[in-house]
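**Q** my questions are about this predicted structure, shown below with the sequence.
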Amino acid sequence: MLYWLTLFSDGGDFFNLFRYITFRAGGAFFTALIFGFLFGRPLIDLLNRRQKNGQPIREDGPESHIEGKAGTPTMGGVLILGAVVTSSLLWARLDIGYVWMVLFVTIAFGAIGFVDDYQKVTRNSHAGVSGRVRLALGFVIAAVAGFWAVGMHPEELQNRIAIPVVSGLLNLGLMFLPFAMLVIVGSANAVNLTDGLDGLAIMPVMIAAGSLGVIAYAVGRTDFTEYLGINYVPGTGEILIFTAGLIGGGLGFLWYNAPPAAVFMGDTGSLALGGALGAIAVATKHEIVLAIVGGLFVVEAMSVIIQVAYFKSTGKRVFLMAPIHHHFEKKGWSEPQIVIRFWIISLILALVGLATLKVR
């Protein structure tokens with residue numbers, strides 16, 4: 001919205017700053033951060049009043065969660081969503097379709113998570129919206145986003161995915177839309193599975209978002225794409241505004257989510273943020289790189305898949321408990337140890353993912 005202030009610029013004054021994506025990204029970051037600090041405590045107080053028992057704790061989870069986390073309110077993802085949407089609408093160019101596509105996925109998945117969280121707290125049960133309904137709605141949202149992205153991509157990139165390191169494209173044809181749907185839905189649910197300890201999910205999400213924001217900025221500039229040998233996707237640079245807002249809003253949320261958490265993001269936040277990462281990857285043609293920069297989420301999701309599949313076939317378990325962060329809890333690691341070590345792993349993976357951009 002504020003981009004339109006450039007209409008008052010003669011090219012050499014303050015209003016000219018609003019032409020620059022980096023300036024507006026800084027504005028989005030601080031807007032979201034201030035939003036989080038301003039509304040964080042009032043939201044937590046409201047959630048405490050409305051949620052008498054807080055987020056229901058699974059009885060089959062780690063024993064320490066029953067005492068340490070009982071009574072903590074959930075649905076704190078509303079704070080992140082409010083910060084991201086507000087900062088994006090203020091600072092991004094609203095004539096760029098990629099901005100609206102990513103916002104659509106974020107808000108839509110956030111709505112699914114909100115209903116799921118609401119049902120859990122009102123029923124005082126960890127069973128909310130059924131898994132089949134969540135998946136079905138998620139695939140519908142992802143289908144709309146994938147079709148939307150294809151329509152915005154340059155013709156030479158449509159229905160193709162970029163191969164990291166190797167400067168080339170793989171044409172998926174009619175299979176691109178199902179692939180894009182799987183990326184978005186898979187990312188949403190992988191982040192959801194990761195959100196099990198105080199501060200565990202939000203920092204890796206911010207790290208992955210920061211990496212994808214850099215990628216979005218790079219692929220949206222011809223000079224960068226020529227130097228790096230990657231594909232030019234005009235308009236994606238504006239996604240940096242969204243990711244800057246996500247990082248600012250994430251930090252504002254982490255202020256209250258740091259151990260011991262005063263609020264959980266819930267499915268409202270985890271599904272929305274995961275879906276956003278998937279949507280950005282599809283928009284920028286870096287779906288495979290997402291699996292690297294978001295590698296922690298992949299490992300968390302795979303640990304659940306492996307555990308369930310192995311248990312059904314043998315009656316035995318591979319991990320002491322899944323997702324894998326609970327396995328390390330069972331092994332005696334403290335919660336801060338797990339969280340900080342997983343943060344370190346996320347940062348390393350993000351740097352590896354960014355390194356794939358330089359191929360020559």
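**A** Arrived safely. Numbering: from 1, shown residues only.
**Q** going forward, measure contacts between C-alpha atoms and count neighbours the same way
**A** Fine.
**Q** neighbours of I202, how many?
**A** When neighbours are counted by other CA atoms under 10 Å, I202 registers 27.
**Q** is it in contact with G252, as I believe?
**A** No: using CA atoms under 8 Å, I202 is not in contact with G252; the gap is 10.5 Å.
**Q** off-centre distance for the host helix or strand of L79?
**A** Of the helices and strands defined by DSSP states H and E, L79 is found in helix 77-91. For helix 77-91, the distance from its own C-alpha centre to the chain's C-alpha centre is 13 Å (CA atoms, centre = their mean, to the nearest Å).
**Q** following element in sequence after that helix, please.
**A** Toward the C-terminus from helix 77-91 - assigned by DSSP H and E - lies helix 97-123.
**Q** in the chain, which residue is most central in space?
**A** Nearest to the mean C-alpha position of the chain, by CA atoms, centre = their mean, lies L273 at 2.9 Å.
**Q** and that residue, what does it touch?
**A** T106, G110, A188, V191, V205 (CA atoms under 8 Å, 6 or more residues apart in numbering).
**Q** setting the sequence-adjacent residues aside, check what's closest to the third one.
**A** Right, the one you point to is A188. On the basis of CA to CA, 6 or more residues apart in numbering, the spatially nearest residue to A188 that is not a chain neighbour turns out to be G274, at 3.7 Å.
**Q** within the helices and strands, which one has that neighbour?
**A** Per DSSP H and E, G274 falls inside helix 266-284.
**Q** alpha carbons only: can I get that helix in CSV?
**A** Extracted in CSV, the C-alpha atoms of helix 266-284 (Å, rounded to 0.1, in the frame of the first residue of the first chain):
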residue,chain,number,x,y,z
GLY,A,266,-1.3,-24.0,17.8
ASP,A,267,-2.4,-25.3,14.4
THR,A,268,-3.5,-21.7,13.6
GLY,A,269,0.1,-20.7,13.3
SER,A,270,1.9,-23.9,12.3
LEU,A,271,-0.4,-24.8,9.4
ALA,A,272,-0.4,-21.2,8.1
LEU,A,273,3.4,-20.8,8.3
GLY,A,274,4.1,-24.2,6.8
GLY,A,275,1.7,-23.5,4.0
ALA,A,276,3.3,-20.1,3.4
LEU,A,277,6.8,-21.7,3.0
GLY,A,278,5.4,-24.2,0.5
ALA,A,279,3.6,-21.4,-1.5
ILE,A,280,6.8,-19.3,-1.6
ALA,A,281,8.8,-22.3,-2.9
VAL,A,282,6.2,-22.9,-5.7
ALA,A,283,6.1,-19.3,-6.6
THR,A,284,9.9,-19.0,-6.9
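**Q** give the next helix or strand downstream of that helix.
**A** Using DSSP H and E, the helix or strand that directly follows helix 266-284 along the chain is helix 287-293.
**Q** list the helices and strands that next one packs on?
**A** strand 160-163, helix 202-219, helix 266-284, helix 335-355 (3 or more CA pairs under 8 Å, 6 or more residues apart in numbering; DSSP states H and E).
**Q** how distant is that helix from the center of its chain?
**A** So, by CA atoms, centre = their mean, the centroid of helix 287-293 is 13 Å from its chain's centroid.
**Q** what do you get for stretch 39-50?
**A** Distance of stretch 39-50 from the chain centroid (CA atoms, centre = their mean) equals 23 Å.
**Q** likewise for stretch 171-181?
**A** Counting by CA atoms, centre = their mean, stretch 171-181 comes out at 21 Å from the chain centroid.
**Q** ends of that stretch, what's the gap?
**A** The first and last residues of stretch 171-181 sit 16 Å apart, counting by CA to CA, to the nearest Å.
**Q** which parts of that stretch are buried?
**A** Across stretch 171-181, burial judged by 16 or more other CA atoms under 10 Å covers F176, L177, F179, A180, M181.
**Q** with those residues in mind, which one is nearest to R221?
**A** Nearest to R221, judged by CA to CA, of those is A180 at 23.3 Å.
**Q** the helix or strand that closest one falls within vs helix 97-123, what angle?
**A** Using DSSP H and E, A180 sits in helix 176-194. Using axes from the mean of the first three to the mean of the last three CA atoms, to 10 degrees, one finds that helix 176-194 and helix 97-123 are set 40 degrees apart in direction.
**Q** helices or strands up against the helix or strand hosting Q307?
**A** Using DSSP H and E, Q307 maps to helix 295-314. The contact analysis (3+ CA pairs under 8 Å, 6+ apart) places helix 295-314 against helix 176-194, helix 324-330, helix 335-355.
**Q** let's see it at 10 Å
**A** Identification of packing neighbours for helix 295-314 by 3 or more CA pairs under 10 Å, 6 or more residues apart in numbering; DSSP states H and E yields helix 176-194, helix 202-219, helix 287-293, helix 324-330, helix 335-355.
**Q** tell me the angle of that helix relative to helix 266-284?
**A** Here helix 295-314 runs at an angle of 110 degrees relative to helix 266-284 (the same axes, to 10 degrees).
**Q** give me the contacts around helix 295-314.
**A** When contacts are taken as CA atoms under 10 Å, 6 or more residues apart in numbering, the neighbours of helix 295-314 outside the stretch itself are 186-195, 201, 204-205, 208, 274, 289-292, 315-325, 327, 342-343, 345-350, 353.
**Q** that older thread, now do the helix holding G274: distance to the chain's middle.
**A** For helix 266-284, the distance between its averaged C-alpha position and the chain's averaged C-alpha position is 4 Å (CA atoms, centre = their mean).
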